[in-house]
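# structure of the sequence below:
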Amino acid sequence: MLCTGFNPDSGLVEIVEVPTHRWYVGTQFHPEYSSTVLHPHPLFLDFIREAAKKA
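As a prediction, the model looks like this:
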């Protein structure tokens, strides 16, 4: 597991990833708060893109 995103104000870890998995991301922040139907957060777009490859 890698710590890949940090809060610039506090230095706390906000995002972790597992590079040995195809798509494994954990977040402490809330990307859904800045996501809309017309402007989805990049995490949601990437998740859907990767899920579609499995279908």
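# contacting residues around stretch 41-55?
Contact with stretch 41-55 is made by 22-23, 25, 27, 31-32, 34-35, as judged by C-beta atoms under 8 Å, 6 or more residues apart in numbering. For every residue, glycine as well, the C-beta is placed using N, CA and C.
# for this structure, name the helix or strand with the lowest mean pLDDT.
helix 42-54 (a mean of 90; mean pLDDT, DSSP states H and E).
# how far is that helix from where the chain is centred?
Relative to its chain's centre, helix 42-54 lies at 10 Å (C-alpha atoms, centre = their mean, to the nearest Å).
# thinking again about what came up before, looking at the contacts of stretch 41-55, spot the one nearest Leu2.
Val25 (10.4 Å; C-beta to C-beta).
# distance of the spatially most central residue of the chain relative to Cys3?
Among the residues of the chain, Leu43 comes closest to the average C-alpha position under C-alpha atoms, centre = their mean, at 4.2 Å. Leu43 sits 16 Å away from Cys3, taking C-beta to C-beta, to the nearest Å as the criterion.
# any stretches of the chain with poor pLDDT?
55 (pLDDT under 70).
# alright, calling it a day.
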